[in-house]
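> Mind folding the following:
(2 chains)
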Protein chains: 2
Amino acid sequence: MTYQEIRLEFEHYIEKEIFDTSSYPLYYAINYIMASGAKRFRPTLLMMSYHIFRDDIKRTLPAAFAIELFHNFTLIHDDIMDNAFIRRGKPAVHEKFGLNQAILSGDAMMMIAYQYLMRSSSKENIASVMETMTKMAIEVCEGQDLDMVFEKKNVVEVSEYLKMIELKTSVLLAASLKIGGLLAGAKDTDVHHLYEFGRNIGIAFQIQDDILDTFGNSQNVGKRIGGDIYQKKKTYLFTKALEILSPEIRNHLLSYYTSDKELIENDVSEVKSIFKNNLVLEEARIEQERYYGIAMDHLSAIEASEDRKSPLKKVSRMLFERKF
Amino acid sequence: MTYQEIRLEFEHYIEKEIFDTSSYPLYYAINYIMASGAKRFRPTLLMMSYHIFRDDIKRTLPAAFAIELFHNFTLIHDDIMDNAFIRRGKPAVHEKFGLNQAILSGDAMMMIAYQYLMRSSSKENIASVMETMTKMAIEVCEGQDLDMVFEKKNVVEVSEYLKMIELKTSVLLAASLKIGGLLAGAKDTDVHHLYEFGRNIGIAFQIQDDILDTFGNSQNVGKRIGGDIYQKKKTYLFTKALEILSPEIRNHLLSYYTSDKELIENDVSEVKSIFKNNLVLEEARIEQERYYGIAMDHLSAIEASEDRKSPLKKVSRMLFERKF
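Alright, predicted model coming up:
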């Protein structure tokens, strides 16, 4: 089955999972965010991972829904913490329903995620599935914590940045794929390769995201180019620049990021030039390809036919060509 | 083993469970709230429940810690939602560490609770333990949701109020006792009785709390008497009053609760008189005793020696005499 076919299965399922709002208003917020046009990327990956080994993917639908619930719970709470008022072109949950409902609905989603996850589990895999989910969930909190720490720091090392995006972004992809494997009863080495495939593809994807935010074209990327620089975000490009630039240019770059002044278009162009003319962009592309390569090696190492693995290979390629 | 002995075991354990704060600041907030002088009532109940059936209570320490983590997670998030700045005589977490750390540390605690819970579980009981925890956790969110709904309503029925305190307070006691039973491998009927014992004792306890807040003496209760009335909280006394008062007195009572004016000492005395002179207080005491009686019946129905059950019986009595 292709990515699109599996995603469609999930969409059919999620359409019916509407929570009853008659007793508790918190379910309005949950239905609201779960209905908003998301890519359903993570649940689809979970199901694709299962499909490498087994055909009866319907069994995984509750677990896939759990992953989507968890992901959306983190978005609700992150949007509060990041003071973000728009999510997927609509008001963020705390903007629409208020802070209290945003906190509470997020809390409930986290727990409902466990409930759905259990529905897909069996006596054989429940312990490993629960452990994978829980370890991942704690790491995502730690990643968000690091992200907030970085906001207050002037200098962030590349290794620190990579750790942050691993925790905040990659482990959720990795855990989704791993849970797919666990539910299918895949053997330990294959489960390990699925996890590492997800972890590395997630890091590669985030580095690419950083590159596109600064050097993409707004039509493909779907947001204002240079947004990260305007916001003075510590991205891969920024941390790599600090590592490889000469002291003079490094200080010049830092002057933009540490000043209290808002950046204007000229400043952003100047920062882009610094990234472009000093091998920073090139290094980022090399690093992105390197993580992508490691991910593909892990996918190849899984003991299954090429046929079964090709949908995941295709979707990884698509990711990097931004074709969906 | 007595309540005090088991509680001491738990205190020894919790003293050593300090989270490493070197990488992620969110653990400061967790250590802060977990160290603050709490009664450790819920984890101790879990261990006492296990001890009805088995001696090796050390096995339950991680699960007991999970319950205490969960309880404190709800306090952190509730204090944000309720705009409460003091908790156990110290600044609330959001007051001390800021809103973002309060949201995030609460989220993490919820998940770490699952991690600890799994440490006490075995292949035989993990599914039922996880289901009990998760169902309870969702219900606690629903209870908090109802509590916030009530703030905006003028009239709340007794049955609605009882549902709210069942969800917000009682199910956590009930689940703690049930998990103790599940970990001990108790049979289904005994597990059911443990749950119902906890659920009913929790409701009785909350009604008593409402009575003491209005009619206790501040030395025993440890807070200002009449606080609920000053805050115009919909308590058991208030909802029962609306049910049984004559229309005239009912409207008089409602006038205090629906006016925008802050209540003064005279108003509070008047509300107290209404409760006292119209059988409201008496009805509340009858209802409290009724729930207490049901709880005791469930405790008696558990198939174990009186010897094994007497510590739970004693602690229930102590609760109602406020001797700890």
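> Name all residues that make contact with the most centrally placed residue in chain A.
Nearest residue to the geometric centre of chain A (C-alpha atoms, centre = their mean): A:Thr169, 3.8 Å. By C-beta atoms under 8 Å, 6 or more residues apart in numbering or on different chains, the residues touching A:Thr169 are A:143, A:202-203, A:205-206. C-beta: built from backbone N, CA, C; applies to glycine.
> how about those residues in a markdown table, adding pLDDT?
Output for these, formatted as a markdown table (pLDDT from 0 to 100):
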| residue | pLDDT |
| --- | --- |
| A:Gly143 | 97 |
| A:Gly202 | 96 |
| A:Ile203 | 97 |
| A:Phe205 | 93 |
| A:Gln206 | 94 |
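> Of these, which pair is most distant in space?
Across these, no pair lies farther apart than A:Gly143 and A:Phe205, at 14.5 Å, counting by C-beta to C-beta.
> before we move on, back to that, so how far is chain B from the residue nearest to the centre of chain A?
In this view, A:Thr169 and chain B are 16 Å apart by C-beta to the nearest C-beta, to the nearest Å.
> Residues in contact with the helix or strand encompassing A:Lys309: which ones?
Element membership for A:Lys309 (DSSP states H and E) is helix A:306-321. If you take C-beta under 8 Å, 6+ apart as the criterion, helix A:306-321 is touched by A:1-3, A:6, A:45, A:48-49, A:51-53, A:197, A:201, A:204-205, A:208, A:292, A:295-296, A:299-300, A:302, A:324.
> can you rerun that using 10 Å?
A:1-7, A:41, A:44-45, A:48-49, A:51-54, A:177, A:194, A:197-198, A:201, A:204-205, A:208, A:220, A:288-289, A:292, A:295-296, A:299-300, A:302-303, A:323-324 (C-beta atoms under 10 Å, 6 or more residues apart in numbering or on different chains).
> Do me a favour and get the backbone dihedrals for the residue lying closest to A:Val156 once chain neighbours are set aside.
Spatial nearest neighbour of A:Val156, excluding adjacent residues (C-beta to C-beta, 6 or more residues apart in numbering or on different chains): A:Lys234 at 4.5 Å. With angles defined as degrees, to the nearest 10, A:Lys234 sits at phi -80, psi 100.
> What's the local residue count around A:Ser310?
As a burial measure, A:Ser310 scores 12 neighbours (other C-beta atoms under 10 Å in any protein chain shown).
> ok, now the one 3 residues further on?
Number of residues near A:Lys313 (other C-beta under 10 Å) recorded here: 15.
> next one: the one 4 residues further on
With neighbours defined by other C-beta under 10 Å, the count for A:Arg317 comes to 12.
> A:Pro62 now?
18.
> Poorly predicted segments of the stretch 201-324 of chain A, please.
Across the stretch 201-324 of chain A, the ranges flagged by pLDDT under 70 are A:218-222, A:322-324.
> As a check, name the ranges of all helices in it.
Assigned by DSSP state H, counting those that start in this stretch, the stretch 201-324 of chain A shows helices spanning A:218-221, A:227-230, A:236-244, A:247-258, A:265-277, A:280-301, A:306-321.
> and the second one, which residues are buried?
Right, helix A:227-230. Within helix A:227-230, the residues that qualify as buried are A:228-230, counting by 16 or more other C-beta atoms under 10 Å in any protein chain shown.
> any idea which of these is closest to chain B?
Distances from chain B to the buried residues of helix A:227-230, taken as C-beta to the nearest C-beta, are shortest for A:Asp228 (20.3 Å).
> In contact with that closest one, which residues?
Neighbours of A:Asp228 in contact, by C-beta under 10 Å, 6+ apart: A:209-210, A:212-214, A:234-238, A:268, A:271.
> Between those residues, which sits nearest chain B?
A:Lys234 (16.7 Å).
> residue contacts, the closest one?
A:147, A:150-151, A:153-157, A:160-161, A:164, A:210, A:228, A:242, A:257.
> before we move on, the earlier item: the residue nearest to the centre of chain A should be in a helix, yeah?
Yes: with DSSP: H, G, I helix; E, B strand; the rest coil as the criterion, A:Thr169 is part of a helix.
> returning to what we had before: which of the helices of the stretch 201-324 of chain A sits most buried?
Most buried of the helices of the stretch 201-324 of chain A, by mean neighbour count (mean count of other C-beta atoms under 10 Å in any protein chain shown): helix A:236-244, with a mean of 22.
> for it, the distance to its chain's centre please.
Offset of helix A:236-244 from its chain centre (C-alpha atoms, centre = their mean, to the nearest Å): 21 Å.
> Which neighbouring elements make contact with that helix?
helix A:158-165, helix A:188-215, helix A:227-230, helix A:247-258, helix A:265-277, helix A:280-301 (3 or more C-beta pairs under 10 Å, 6 or more residues apart in numbering or on different chains; DSSP states H and E).
> if we go to 6 Å?
helix A:158-165, helix A:188-215, helix A:280-301 (3 or more C-beta pairs under 6 Å, 6 or more residues apart in numbering or on different chains; DSSP states H and E).
> Looking at those helices, spot the one closest to chain B.
Of all the helices and strands packed on helix A:236-244, it is helix A:158-165 that lies closest to chain B, at 8.9 Å by C-beta to the nearest C-beta.
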